[in-house]
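Novice: Quick one: sequence plus predicted model below, questions after.
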Amino acid sequence: MITHAPHLSHHLHRLRHLPVVALLMLAPACTGGGTDSSSNEHVEASSAAPATESPENLDPHATLLGEVDLERACAIDSAEKVTFLARLVACVNLSSPCTIPTSPHLELRGDTVTCPATGTQSMATQVTRDGRYQAEVQVALTGGDHTGWCFGLTNADPQVLVEKSALEDRADIDTNWLYDTTCTPP
């Protein structure tokens, strides 16, 4: 069901023939940017369409990002593919007891590029749980082995803090290359 302010009715009339998925993609554009700041517009999409058809992940999450030198990564002997991943290594509060998976640690795999590749590319992975993560570029090698590079914050901290507020805001968190080896195992 779509509810709207009267000044949107002329836009919605033209949209009535679009499928529900198209309306879901347009809904964020209808909720803001109006010229009447006193309006309390509310656009609510029908839950009839599966969430997987949505153009973006609307669930709470944060995205870890890193600029990856694909040419350098793919130049490693027997490199097959390059993946940007995040590994949950600790809870937000280090002084309190916490439970996270440790055998193995939770790894969330994001963007993957097949070698050969050239240039530099922004790569990302989404995390859906608060905590402290290691961000890593993993280069898969022929024969099942891998190598990689550790990414982290600008202060050379390999643990990237992701708080609940970052998940709720769907924040983008920039990480930077720290050193030419995989992150130190937790």
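Specialist: Received the coordinates, thanks.
Novice: Shouldn't residue 72 be within a helix?
Specialist: Yes. For residue 72, which was evaluated using DSSP: H, G, I helix; E, B strand; the rest coil, the result is membership in a helix.
Novice: Please report how far it lies from residue 82.
Specialist: The spacing between residue 72 and residue 82, counted by C-beta to C-beta, to the nearest Å, is 10 Å. To be clear about C-beta, it is placed using only N, CA and C from the backbone, and glycine gets the same treatment.
Novice: which ones are touching the nearest residue to residue 123 once chain neighbours are set aside?
Specialist: In this structure, residue 123 finds its nearest non-sequential neighbour in residue 84, 3.7 Å apart by C-beta to C-beta, 6 or more residues apart in numbering. Residue 84 sits next to 64, 66, 68, 109-112, 123-125, 135-138 when contact means C-beta atoms under 8 Å, 6 or more residues apart in numbering.
Novice: Apart from its neighbours in sequence, what residue is nearest residue 126?
Specialist: Leaving aside its sequence neighbours, residue 126 is closest to residue 61 (4.7 Å, by C-beta to C-beta, 6+ apart).
Novice: for residue 142, same thing?
Specialist: Skipping the residues right next to it in sequence, residue 142 comes nearest to residue 78 by C-beta to C-beta, 6+ apart, at 4.0 Å.
Novice: now swap in residue 109 and tell me
Specialist: In space, not counting the residues next to it along the chain, residue 109 is nearest to residue 85; the distance is 4.9 Å by C-beta to C-beta, 6+ apart.
Novice: now swap in residue 74 and tell me
Specialist: Taking C-beta to C-beta, 6+ apart, and ignoring the residues beside it in sequence, residue 74 has residue 115 as its nearest neighbour in space, at 3.7 Å.
Novice: Counting neighbours, what do you get for the one you found?
Specialist: Taking other C-beta atoms under 10 Å as the neighbour definition, residue 115 ends up with a count of 19.
Novice: One more: residue 75?
Specialist: Using other C-beta under 10 Å, the number of residues around residue 75 comes to 14.
Novice: try residue 70
Specialist: Residue 70 sits with 20 neighbouring residues when counted by other C-beta under 10 Å.
Novice: Ok, residue 166 next?
Specialist: Burial measure for residue 166: 19 neighbouring residues, criterion other C-beta under 10 Å.
Novice: Buried ones in whatever helix or strand it lives in, by neighbour count?
Specialist: With the criterion set as DSSP states H and E, the secondary-structure element containing residue 166 is helix 164-168. Of the residues in helix 164-168, those scored as buried under the neighbour-count criterion (16 or more other C-beta atoms under 10 Å) are 166-167.
Novice: which residues touch the residue nearest to residue 74?
Specialist: Residues near residue 115 by C-beta under 8 Å, 6+ apart: 70, 73-74, 79-82.
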